[in-house]
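Asks: build me a structure from this.
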Amino acid sequence: MKELILISGSGRSGSTIIDLLVAQIDGVFSVGEIMYIWDRGLRDGWKCSCGELVSECNVWREILFDAYGDKYLDRSFVDKVIQLRSRATSVRSLFGGIVSSEVKKCRKEYREIMQRLYSSVYKITRCKVIIDSSKEPGNAFLLKSFSDFNVHVVHLVRSPFGVAYSWTKDVKNKALEEKSLPTEGVFFSSLEWLVVNSILLAKSKRLSSKLVEYESFAHNPKKSIQYLISSVDPIRCSSLQFIQKNDVSIKTKIHSVSGNPCRFEVKNTITIKADDKWKRELPLTSKLIVGITSFPFLLFKSVFKKINERI
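Replies: Reported below is the predicted structural model:
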């Protein structure tokens, strides 16, 4: 079986930096948020973290050609996959209900397309493990149905205050020149945080997911990464010598197709630290909105952890 680590959670939760760290382990290849390779990478002209356009990156050109031949160059094929993704990864049916035959057909076709892509990543890069930080809950359920992959789902949770604050900041998108990442108001970002994390926690047994809190990772990166990889046989005994307390040596150049701008990081050493600027800079009214909106999940998570401790 091929090995795949999938980081799931809400946006701005720190998945890209964890992805970058795991990719420093020998035999691991990072694809970033690969589910967006079709629109961001091939349609909209985003850059791979190597600095080349995804469509011109030698690694991705070889992977895509191995998976689809010249078909990936066809705009109609790309548009079709984007439409299939929208239908196949919808979270509407995750809690039961009738799924139409059309949606089932979309899921089957999209699953086959994506499984070919992951298999080609495995083949061309000759890696032992793929790490994917696509995050979307619907994507996690789809990947768990892959027939020849052992998928390890990591549920990454960051403080809702930190997430909401991050969504308000103007961050330059290095993948697109002169453009910024999208911003969002605190209510809608907190509501998304609530919905996404509640779905993942409620379905944790079905996904066999591991819960990782970003703040715990920032406090002790090595311990969190060891926990994250502990069930991934090819790398579970990795020494992680590149992590010294909160300082991490970055030596492996990754080919991430989408994610936070830190994926372009070229420094020899980076320092992991919790971003707690929200404590000083997030207005009181915003803090109240975030606190009220996110409270149901925080309560749910607390009860969930206590129940698991008793089992």
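Asks: from here on, just use CA atoms for contacts and neighbour counts.
Replies: Will do.
Asks: so how far is residue 184 from residue 283?
Replies: In this view, residue 283 and residue 184 are 15 Å apart by C-alpha to C-alpha, to the nearest Å.
Asks: these two: which is more packed in?
Replies: residue 184 (14 against 11; other C-alpha atoms under 10 Å).
Asks: so the nearest residue to the more buried one once chain neighbours are set aside is in which element?
Replies: Counting by C-alpha to C-alpha, 6 or more residues apart in numbering, the nearest residue to residue 184 once its immediate chain neighbours are dropped is residue 167, at 5.3 Å. In the assignment (DSSP states H and E), residue 167 maps to helix 160-168.
Asks: check which residues of the helix or strand just after that helix are buried.
Replies: The helix or strand immediately downstream of helix 160-168 is helix 186-202, counting by DSSP H and E. Within helix 186-202, the residues scored as buried using 16 or more other C-alpha atoms under 10 Å are 186-187, 189-194, 196-201.
Asks: what's the most distant pair in the residues you listed?
Replies: Greatest spatial distance among those (C-alpha to C-alpha): 186 and 201, at 21.9 Å.
Asks: so how far is residue 205 from the residue nearest to the spatial centre of the chain?
Replies: Nearest to the mean C-alpha position of the chain, by C-alpha atoms, centre = their mean, lies residue 133 at 2.0 Å. Computed as C-alpha to C-alpha, the residue 133 to residue 205 distance reads 20 Å.
Asks: for the spatially closest residue to residue 51 that is not a sequence neighbour, what are its contacts?
Replies: Nearest non-adjacent residue to residue 51, counting by C-alpha to C-alpha, 6+ apart: residue 264, 7.5 Å away. Shown in contact with residue 264 (C-alpha atoms under 8 Å, 6 or more residues apart in numbering): 49, 50, 51, 174.
Asks: most neighbours among those, please name it.
Replies: residue 49 (26 neighbours).
Asks: quick one, what contacts it?
Replies: 175, 254, 255, 256, 257, 258, 263, 264.
Asks: the residues you listed: which two are farthest apart?
Replies: Counting by C-alpha to C-alpha, the most remote pair of these is 175 and 254, 14.0 Å apart.
Asks: who has more neighbours, these two?
Replies: Between residue 175 and residue 254, residue 175 has the larger neighbour count (other C-alpha under 10 Å), namely 27 against 22.
Asks: quick check: that one vs residue 258, distance?
Replies: 8 Å.
Asks: again with residue 223
Replies: 26 Å.
Asks: in three-state terms, label residue 155 for me.
Replies: With DSSP: H, G, I helix; E, B strand; the rest coil as the basis, residue 155 sits in strand.
Asks: counting neighbours, what do you get for it?
Replies: 26.
Asks: follow-up on the earlier one: mind putting the buried residues of helix 186-202 into a markdown table with distance to residue 107 and pLDDT?
Replies: What follows is these, written out as a markdown table (distance: C-alpha to C-alpha, whole Å; pLDDT from 0 to 100):
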| residue | distance to residue 107 | pLDDT |
| --- | --- | --- |
| 186 | 33 | 96 |
| 187 | 31 | 97 |
| 189 | 27 | 97 |
| 190 | 29 | 96 |
| 191 | 26 | 95 |
| 192 | 23 | 95 |
| 193 | 25 | 95 |
| 194 | 25 | 94 |
| 196 | 20 | 94 |
| 197 | 23 | 94 |
| 198 | 23 | 92 |
| 199 | 19 | 92 |
| 200 | 19 | 93 |
| 201 | 23 | 90 |
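Asks: burial measure for residue 209, as a count.
Replies: 22.
Asks: that one against residue 151, yeah?
Replies: No - taking C-alpha atoms under 8 Å as the definition, residue 209 is not a contact partner of residue 151, at 9.5 Å.
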